[in-house]
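Undergrad: A predicted structure for the sequence below; I have some questions about it.
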There are 2 protein chains.
Amino acid sequence: MRASILAIGDEIVAGLTTDTNSAFLAQVLRASGVEVVGFLAVADDVDAIRRALLRATDDAGFVVSTGGLGPTADDLTTSAVAGFVGTGLDLHEPSLRIIEERFRAMGVRMPPNNRKQAMLPSGSEPIPNRLGTAPGFAISTDRNGRSCHIICLPGVPREMKRMTEETVIPWIVRRAGKQHIGSRVFSTVGLTESALDDMLSGVVGDKEARLSFRAAFPRLQTRISIVGKSAEEVESRLEALDARIRDRLGDHVYAIGDEGLEETVGKLLLEKGSTLAVAESCTGGLIGHRITEVAGSSAYFSLGIVAYSNEMKTALLEVSPRTLEASGAVSEATVREMARGVRKASGAAIGLATSGIAGPSGGSDGKPVGTVCIGLAWETGEWSGTFQLGQRTREWIKEMTAQMGLDAVRRYLLDAPLDPLPRDDRPPIRDRGALS
Amino acid sequence: MRASILAIGDEIVAGLTTDTNSAFLAQVLRASGVEVVGFLAVADDVDAIRRALLRATDDAGFVVSTGGLGPTADDLTTSAVAGFVGTGLDLHEPSLRIIEERFRAMGVRMPPNNRKQAMLPSGSEPIPNRLGTAPGFAISTDRNGRSCHIICLPGVPREMKRMTEETVIPWIVRRAGKQHIGSRVFSTVGLTESALDDMLSGVVGDKEARLSFRAAFPRLQTRISIVGKSAEEVESRLEALDARIRDRLGDHVYAIGDEGLEETVGKLLLEKGSTLAVAESCTGGLIGHRITEVAGSSAYFSLGIVAYSNEMKTALLEVSPRTLEASGAVSEATVREMARGVRKASGAAIGLATSGIAGPSGGSDGKPVGTVCIGLAWETGEWSGTFQLGQRTREWIKEMTAQMGLDAVRRYLLDAPLDPLPRDDRPPIRDRGALS
């Protein structure tokens, strides 16, 4: 089975938004045994969309499009597809009720133009959207004497991904015949993509499974995908590969599945009945932000202090002015005092602290941009480390420091070595996934 | 003049690499007066590349491709283009000498397969690559009775960008003739996409300019794009439209261009010589994180306190236990005390505080999930507001609260009304751009 992927949007063709949807779709379609033959991207323009549909259906029996399902006048995908298939639009009452209900739950009257989002091509099958107002749809048509399936999804990545996983992949698998597909994702920390590649080299035979990497900085994941004859066969082959992969990657694997390190740390804190407080300098609040993205985090997180100036480090965290004078704000001595200070101020079991030079200015010969210190304090001890992350962007340095800080807490809670990373001047992670 | 952009590579169509080259090219081509009509992406396959070239040259007089110029057997762009144009390959001696020289400088003998990179289609014009071994090339051909220019660049973003700026853009501008393109972006806060659509309805005539919206939650932008005969004409038409658009949108426009609210607020704080400290509850550190994404923010930001529990609100921000008892943690009385408290602890000129129910649990009849309070304190006064953001995701509520908090600071610094948002139960922004 072959598929063609179509991205629709003025902002994409203008280069204002980088299309990440097509790559995501290509990965999951491939993992489901579908061959992706190409991508197309066109503006929100009925003629351009129609020409793209002609081309896409020439190339493949499946076309998956993203974008152009919004409520405004420049969202034209639905009417362009209806025109291409040669059908009209019908109001899909259940979708309208869902959209109205979404607005009602938010305490808002639905704006009249959102009604447009419930108008679907006659004869199409709606694809529910649990995260937004625009339902997607699938419609079939004849082209060149064979049937073609066109699947239209919204362009918002979060909605599109959820709909793909919940509805599109099962829809495709049902039509694809009897093969069973399974996959497993390993979320890792502290490794570069090329280190992962090296460590896993030879572990999975070409015929056994498909191995792919996905970097969504700071997340780095390895996926194994298997096509087999039964669900049982797929599951038992996944189990065997799982053991071989964990054997190679060790405690760099922090979760199975697409999970943020803040979720893993939250689960561990709950499990151990422990609590955490953070004192942030260079990360500026990012660690607190990530911890509190997890529902229920108030059970184990009570306090974060962003002490951005030396004065605040002394006033709120009891960092001694002598330490700041002698060692500087970016030093292991300082982060240890910060970690102790926030632990004391909060009464939490664990104190985590960060300090570093996020740049672009503020670096020196001894402490260039990218120098980062992380400290951890607990009742009976403490730990600190210094890392050279290199001359990266401010955003990258903050993200990587937060990731390393959370990993230190994870390692402490697991009784794993706290010094997993090389102490030389090699940055722990290459700038591959990049900030987007 | 119109251009079509083509990305060539197995790894792109497999979804393993996100194609960022096409968006870059679209931006710089547009800025040079070229209309980009679409993107295509295909695998390293001679037939697929040839079919893509047919389509691309049907659509536009310029085709710019990236990828497939490497030394290995799966790099097929050069021979596919030569086949498409109906010409052979010649060894380009100066390029070969440059490639050999690069290897010599690295102290390595050139592997024989790199010689392939100096084989260019007969009649093509080489495009020098100062950062890598693969030169690019431009070649012209006739299609449908008009001449088409095909420009091939390597896929490595760094090399491709440098070659585009040094050679391709000047090459295009020389051939482009007289069309000028200009655009202006308005970044707004406190409006939904459909409210924007309504407010701007009729303000720009179809022939005057193209109006487009872009939501990258919590950012919401409106862009006007104009094609004209001279740079002066384009500029003066943009100015006229600018006045009409600002007249409609008022102080919802916080910046011209793609700028985050944290940058706008940072500039205003610097400009006014003011300073800010934040006391966060439901936003969990997100406001501090956003403020410190801006280089140089230490000049105006010294302290953030994430007081996630009532105890910490009292211990660090001097919120009275009586207030917490009588009004609750999510109340205007509490955020006023938090704002005052963080102002006092930090010595900053402005204190900003947030408290809310981010969910999914913790809501009640009187204070459902999505109830959010924002407080502001300054030397001579204070302000607070309560907003019902509705039953959204935790991430959305945090993002929107941070946006509204930063907007309160902006409004305070601009002497604009601090109550810009309807005090009824209508949330200020619909969930369009969504978190990705």
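TA: All right, it came through fine.
Undergrad: residue contacts, the closest residue to residue A:152 other than its chain neighbours?
TA: Nearest non-adjacent residue to residue A:152, counting by Cβ to Cβ, 6 or more residues apart in numbering or on different chains: residue A:65, 4.9 Å away. To be clear about C-beta, it is placed using only N, CA and C from the backbone, and glycine gets the same treatment. Applying Cβ atoms under 8 Å, 6 or more residues apart in numbering or on different chains, one finds that residue A:65 lies in contact with A:5, A:6, A:7, A:8, A:77, A:81, A:150, A:151, A:152, A:153.
Undergrad: Which of these fall in strands?
TA: When these are checked against strands (DSSP state E), the matches are A:5, A:6, A:7, A:8, A:150, A:151, A:152, A:153.
Undergrad: okay, those in TSV with neighbour count and pLDDT next?
TA: TSV is the format used below for the ones in strands among the contacts of residue A:65 (neighbours: other Cβ atoms under 10 Å in any protein chain shown; pLDDT from 0 to 100):
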residue	neighbour count	pLDDT
A:5	28	98
A:6	27	98
A:7	26	98
A:8	28	97
A:150	24	96
A:151	27	96
A:152	27	97
A:153	29	97
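Undergrad: Mind picking the two most distant members of those?
TA: Farthest apart among these by Cβ to Cβ are A:7 and A:150. That separation is 14.1 Å.
Undergrad: and the residue nearest to residue A:152, what are its bridge partners?
TA: residue A:6, residue A:152 (DSSP bridges).
Undergrad: okay, now the nearest residue to residue A:72 once chain neighbours are set aside: neighbour count?
TA: Leaving aside its sequence neighbours, residue A:72 sits nearest to residue B:197 (Cβ to Cβ, 6+ apart; 4.9 Å). If you count neighbours by other Cβ atoms under 10 Å in any protein chain shown, residue B:197 ends up with 20.
Undergrad: Show the contacting residues for residue B:197.
TA: A:72, A:73, A:113, B:213.
Undergrad: And residue A:383, by the same measure?
TA: Residue A:383 neighbours (Cβ under 8 Å, 6+ apart): A:375, A:376, A:408, A:412, A:418.
Undergrad: Next, work out how far apart it and chain B are.
TA: Distance, residue A:383 to chain B, by Cβ to the nearest Cβ, to the nearest Å: 23 Å.
Undergrad: Would you agree that residue falls within a helix?
TA: No - Residue A:383 is assigned strand when assessed by DSSP: H, G, I helix; E, B strand; the rest coil, not a helix.
Undergrad: Okay, and the beta partners of it?
TA: Bridge pairing for residue A:383 - DSSP bridges - gives residue A:376.
Undergrad: and the end-to-end length of stretch A:128-144?
TA: Distance between the two ends of stretch A:128-144: 30 Å, counting by Cα to Cα, to the nearest Å.
Undergrad: and it, is it in reach of chain B?
TA: Yes - using Cβ under 8 Å from any Cβ of the partner chain, stretch A:128-144 reaches chain B at A:131, A:132, A:133.
Undergrad: May I have the phi/psi pair for the second one?
TA: The reference is to residue A:132. phi -150, psi -180 (degrees, to the nearest 10).
Undergrad: residue contacts, the closest residue in space to residue A:133 that isn't next to it in sequence?
TA: Among residues not flanking residue A:133 along the chain, residue A:99 sits closest, at 4.9 Å (Cβ to Cβ, 6+ apart). Contacts for residue A:99 (Cβ under 8 Å, 6+ apart) come out as A:110, A:114, A:115, A:117, A:118, A:133.
Undergrad: Can you select the buried ones among these for me in PyMOL?
TA: Listed next is the PyMOL selection for buried residues among the contacts of residue A:99, using 16 or more other Cβ atoms under 10 Å in any protein chain shown:
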select buried, chain A and resi 110+114+117+118+133
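Undergrad: can you pull out the helices in the stretch 151-300 of chain A?
TA: For the stretch 151-300 of chain A, the helices defined by DSSP state H, counting those that start in this stretch occupy A:157-163, A:169-176, A:193-199, A:231-249, A:261-272, A:286-291.
Undergrad: Pull out the buried positions in the third one.
TA: This means helix A:193-199. Buried-residue list, helix A:193-199, by 16+ other Cβ under 10 Å: A:193, A:195, A:196, A:199.
Undergrad: Residue A:48 is in contact with residue A:42, isn't it?
TA: Yes - in this structure, residue A:48 is within contact of residue A:42 by Cβ atoms under 8 Å, at 4.1 Å.
Undergrad: Of the two, which one has the most company?
TA: Neighbours per residue (other Cβ under 10 Å) separate residue A:48 from residue A:42, with residue A:42 holding more: 29 against 20.
Undergrad: what pairs with that one across the strands?
TA: The partner residues for residue A:42, given DSSP bridges, come to residue A:8.
Undergrad: close enough to count as contact, it and residue A:8?
TA: Yes - the criterion here is Cβ under 8 Å, and residue A:42 meets it with residue A:8 at 6.0 Å.
Undergrad: list the residues that contact both of the two?
TA: A:49, A:52.
Undergrad: Got the phi and psi for residue A:106?
TA: The phi/psi pair for residue A:106 (degrees, to the nearest 10) is phi -90, psi 0.
Undergrad: ok, and the closest non-adjacent residue to it?
TA: residue B:390 (3.1 Å).
Undergrad: helix/strand/coil for that neighbour?
TA: Quick answer, by three-state DSSP: residue B:390 is coil.
Undergrad: What residues does the stretch 51-200 of chain A have near chain B?
TA: A:52, A:55, A:70-74, A:105-108, A:111, A:113-114, A:131-133, A:156-159.
Undergrad: how about 6 Å then?
TA: A:71, A:72, A:105, A:106, A:107, A:108, A:111, A:113, A:156, A:157, A:158 (Cβ under 6 Å from any Cβ of the partner chain).
Undergrad: Buried ones only from these, please, as a PyMOL command.
TA: Per 16+ other Cβ under 10 Å, the buried members of those correspond to this PyMOL selection:
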select buried, chain A and resi 71+72+106+107+108+111+113+156+157+158
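Undergrad: Which ones among the residues of the stretch 51-200 of chain A next to chain B lie within strands?
TA: Per DSSP E, those never map to strands.
Undergrad: Rebuild the residues of the stretch 51-200 of chain A next to chain B as CSV, extending it with pLDDT.
TA: Below are those laid out as CSV (pLDDT from 0 to 100):
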residue, pLDDT
A:71, 86
A:72, 81
A:105, 79
A:106, 75
A:107, 74
A:108, 76
A:111, 82
A:113, 82
A:156, 92
A:157, 93
A:158, 90
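Undergrad: can you list the residues of the stretch 51-200 of chain A next to chain B in CSV and add distance to residue A:346?
TA: Shown next, in CSV, are these (distance: Cβ to Cβ, whole Å):
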residue, distance to residue A:346
A:71, 46
A:72, 47
A:105, 36
A:106, 35
A:107, 36
A:108, 39
A:111, 45
A:113, 48
A:156, 37
A:157, 36
A:158, 33
